[in-house]
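Novice: Using only what follows, build the 3D model:
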Amino acid sequence: MRTAISFIIIFNIMVFVHEFGHYFFARRNGIKVHEFALGMGPAILKKQVGDTLYALRALPIGGFVKMEGEDDESNDPESFSNKSPWQRFQVIVAGSVNNILLAFLALFLVPVLSGNGVITTTIDAVVPDSPAYHAGIEAGDKLYSIDGQKINIYFESSMAIEQAEGPTEFVVTRNGEQKTLTVTPAFDEAEQRKIVGINYGIRQDVLSIASFTLKQMSFFLKAVVGFLVNAIRGQASMDEVAGPVGLVTIVGETAKFGWLNLLNLLGVLSLNLGIINLLPIPALDGGRLLFIIIELLRGKPVSKEKEAWVHMIGMVLLLLLIGFVTFNDIAKLF
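Specialist: Numbering: from 1, shown residues only. You can find the predicted model right below:
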């Protein structure tokens, strides 16, 4: 039960924030909104305010904003289709922007509310007789790169150390100067991982936390882009992909470790939703943005009928992909 409730809360927060972005900028640009709904299926709560029906629907699996002239031709001056490309661009992109802002807020609040602050890349202490100690790394050094890989946040260093084979080049900044030191990571039997023997400093001020949050989001963004590039090349594994069932499992496992971990997961998932939804794929917001760009290049819009067909085909393919990923999720459980 806790798993289901946690999933519904996280999922619907992301959906509401996303759809509210569309709704807000639609109203801001004078577009008539027929319905703003959270959930799918029959309405269990609804209220008509002016031209807009606000509804809470029975199935907590999505939401939508229904605008005049969004998917068909309309002569109404308040229709989506009769607004300028820039106004339509704002409406479409606002959903993903809201998800990215939600991701920042959630990831920022985790270290603030926990009181633990954030781990920096400045070395606070070096373990005596460790690989880092013998290599000449000192407390106060700021880690710059490992084997040529720039280190922006501490867990990038953990990944780089784990991937290291033999002597590894560490570049640190000391007294304003860069120093290159050779460190040979050791394998820790107790922790079952490679270590070098350094402890990082912790900062709790707002600016440091905000800076860390942005770097953390950049790290996740690179990971998503990297996965997509590998997928296009046919090098991605289905084990790296989670569908609805997989997400429920992940949320359930995360919920066991407290609400701050759920908040952190909300940030990661919201960022992923914001990024993926901007991909130029039919049926996604990015697909709609692509048609606006084509319109600007052509000097006239693509007919609504043709665009609707493209989005419908994209939706069918997307549903097939979701079905395949869901099947893969279930197979993993057994």
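
Novice: What's the mean pLDDT across the helix or strand residue 17 falls within?
Specialist: In this structure, residue 17 sits in helix 2-28 according to DSSP states H and E. Helix 2-28 shows a mean pLDDT of 89.

Novice: what's it packed up against?
Specialist: With contacts defined as 3 or more Cβ pairs under 8 Å, 6 or more residues apart in numbering; DSSP states H and E, the secondary structure elements packing on helix 2-28 are strand 33-49, strand 52-67, helix 85-114, helix 244-255, helix 259-276. Every residue, glycine included, has its C-beta placed from N, CA and C.

Novice: of all these, which lies closest to residue 138?
Specialist: helix 85-114 (26.4 Å; Cβ to Cβ).

Novice: So which bits of the closest one are buried?
Specialist: By neighbour count with 16 or more other Cβ atoms under 10 Å, helix 85-114 contains the buried residues 87-96, 98-100, 102-104, 106-111.

Novice: Would you mind getting the angle between the helix holding residue 17 and strand 33-49?
Specialist: Between the direction of helix 2-28 and that of strand 33-49, the angle (axes from the mean of the first three to the mean of the last three Cα atoms, to 10 degrees) works out to 100 degrees.

Novice: Buried residues in helix 2-28, which are they?
Specialist: Residues of helix 2-28 classed as buried under the neighbour-count rule (16+ other Cβ under 10 Å) are 3, 6-7, 9-12, 14-27.

Novice: right, and the helices and strands packed on helix 2-28 - which one's nearest residue 222?
Specialist: Evaluated with Cβ to Cβ, the helices and strands packed on helix 2-28 place helix 259-276 nearest to residue 222, the distance being 10.7 Å.

Novice: Please put the alpha-carbon coordinates of the closest one into CSV.
Specialist: Coordinates of the C-alpha atoms in helix 259-276 are reproduced here as CSV (Å, rounded to 0.1, in the frame of the first residue of the first chain):
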residue,chain,number,x,y,z
TRP,A,259,10.6,10.7,2.6
LEU,A,260,13.8,12.6,1.9
ASN,A,261,14.9,9.8,-0.4
LEU,A,262,11.5,10.0,-2.1
LEU,A,263,12.0,13.8,-2.5
ASN,A,264,15.4,13.1,-4.1
LEU,A,265,13.8,10.5,-6.5
LEU,A,266,11.1,13.0,-7.4
GLY,A,267,13.8,15.4,-8.4
VAL,A,268,15.6,12.8,-10.6
LEU,A,269,12.4,11.6,-12.2
SER,A,270,11.0,15.1,-12.8
LEU,A,271,14.3,16.1,-14.5
ASN,A,272,14.1,13.0,-16.7
LEU,A,273,10.5,13.7,-17.6
GLY,A,274,11.4,17.3,-18.5
ILE,A,275,14.3,16.3,-20.7
ILE,A,276,12.7,13.3,-22.5
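
Novice: Tell me the gap between whatever helix or strand comes next after that helix and the middle of its chain.
Specialist: Tracing the chain past helix 259-276, the next element assigned as helix or strand by DSSP H and E is helix 285-298. Using Cα atoms, centre = their mean, to the nearest Å, the distance from the centre of helix 285-298 to the centre of the chain it belongs to is 23 Å.

Novice: ok, residue 175 - how many residues close by?
Specialist: For residue 175, the tally of surrounding residues (other Cβ atoms under 10 Å) stands at 7.

Novice: sorry, back to before: where among the helices and strands packed on helix 2-28 is the average confidence lowest?
Specialist: Between the helices and strands packed on helix 2-28, the one with the least mean pLDDT is helix 244-255; it has a mean of 53.

Novice: In CSV: the helices and strands packed on helix 2-28, plus distance to residue 148.
Specialist: Supplementary listing: the helices and strands packed on helix 2-28 in CSV, determined by distance: least, Cβ to Cβ, whole Å:
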stretch, distance to residue 148
strand 33-49, 47
strand 52-67, 44
helix 85-114, 27
helix 244-255, 33
helix 259-276, 26
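
Novice: Can you say which of those is nearest to residue 164?
Specialist: In this view, these are compared for proximity to residue 164 by Cβ to Cβ, and helix 259-276 is the closest at 26.0 Å.

Novice: buried sites along the closest one?
Specialist: By 16+ other Cβ under 10 Å, the buried positions in helix 259-276 come out as 262-276.

Novice: who's in contact with that helix?
Specialist: Contacts to helix 259-276, defined as Cβ atoms under 8 Å, 6 or more residues apart in numbering, come from residues 6, 10, 13-14, 17-18, 95-100, 102-107, 109-110, 113-114, 217, 220-221, 224, 247, 250-251, 254-255, 284.

Novice: ok, the most far-flung residue of the chain relative to its centre to residue 116 distance?
Specialist: Of all residues in the chain, the one whose C-alpha sits farthest from the chain's mean C-alpha position, using Cα atoms, centre = their mean, is residue 129 at 40.4 Å. The gap separating residue 129 from residue 116 is 28 Å, by Cβ to Cβ, to the nearest Å.
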